[in-house]
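> Let's see this in three dimensions:
(one chain, ligands or ions: 1)
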Amino acid sequence: MANADAAKKAAGIRAVDFIENGMKVGLGTGSTAYWAIMEIGNRVRQGLQISAIATSVQSEELAREQQIPLLTFTAFDYLDIDIDGADEVDENLQLTKGGGGALLREKIIASASRKLIVVADEHKFVPHLGAFPLPVEVTPFGWEYTFRQLTAMSGRPKLRQKDGKTFITDNGNYIADCNFGIIKNPKSLETLLNAIPGVVENGLFVDRTNILVLGFEDGTTKILSK
Ligand SMILES: O=C(CO)[C@H](O)[C@H](O)COP(=O)(O)O
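Sure, this is the predicted structure:
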């Protein structure tokens, strides 16, 4: 296993210790959240009683394979805990997410959760957000106009591609990967972006994280909390 994978695995598995019997759990998306879902599956098969909702079709399929009982939004008002990955985390535990394109469902589920536990390998911990392109989910209708608004904000948007085609999110939208340089004020950028008609959501997760579980290449973990 490559060392970065060992760090992701360590973080994903460690985060599952925060789950208690009876909890309603949000399941994140990505290669770090993968390990948390696999570990939840192990513990469910050993008798842990939880129910969960996934932040992407991919994670939902994995949860089904792992026999994790799944919830729908009609069945709950809030979740107890959400375990999800990040593309960048700063020392105030502000995040950039959406590298996997699941940011809209991830933000809805983070918002519905009493506690957000972020799992990340050590390389994701940065002094300032902004080196990783900021994903912005936009409607296909009028996307060219929306991109012009993002350009006017110096966001240098690029339409995300996958396998030679325009990437389509689980919600049928496009992703603009933006480059704003160093993001000095994530809160204000998050708000400004979401005020553009045609922007559905953006990948800044501000003042949402309660606990960060950082994984290291030697398999150890460190917990940071707010
Ligand atoms: O936001 C995400 C998906 O939309 C992921 O959580 C983020 O991209 C991190 O992924 P990984 O754990 O594979 O590095």
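
> Flag the shaky bits of this structure, pLDDT-wise.
The chain contains residues with pLDDT under 70 at 1.

> Show me which residues of it sit near the ligand.
Residues of the chain found near the ligand (CB under 6 Å from any ligand atom) are 8, 28-33, 84-87, 97-103, 106. From N, CA and C alone the C-beta is placed, and that goes for glycine too.

> can you do 5 Å?
Within the chain, the positions adjacent to the ligand are 29, 30, 31, 32, 85, 87, 97, 98, 99, 100, 102 by CB under 5 Å from any ligand atom.

> Provide a PyMOL selection command restricted to the buried entries of these.
To isolate the buried members of these in PyMOL, using 16 or more other CB atoms under 10 Å:
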select buried, resi 29+30+32+85+87+97+98+99+100+102
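
> Out of the residues of the chain next to the ligand, which comes closest to residue 214?
residue 32 (10.4 Å; CB to CB).

> In contact with that closest one, which residues?
By CB atoms under 8 Å, 6 or more residues apart in numbering, the contact list for residue 32 reads 8, 11, 12, 85, 119, 120, 121, 215.

> nearest spatial neighbour of the third one, skipping sequence neighbours?
By that I understand residue 12. Of all residues not flanking residue 12 in the chain, residue 35 sits nearest, at 2.7 Å (CB to CB, 6 or more residues apart in numbering).

> Just to check, residue 196 is in contact with residue 146?
Yes: Residue 196 lies in contact with residue 146 (CB atoms under 8 Å); the separation is 6.2 Å.

> Out of those two, name the residue with the larger neighbour count.
residue 146 (22 against 18; other CB atoms under 10 Å).

> related to what we said a few turns ago, with secondary structure added, can I get the residues of the chain next to the ligand in a markdown table?
Listed next are the residues of the chain next to the ligand as a markdown table, based on DSSP: H, G, I helix; E, B strand; the rest coil:
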| residue | secondary structure |
| --- | --- |
| 29 | coil |
| 30 | coil |
| 31 | coil |
| 32 | coil |
| 85 | coil |
| 87 | coil |
| 97 | coil |
| 98 | coil |
| 99 | coil |
| 100 | coil |
| 102 | coil |
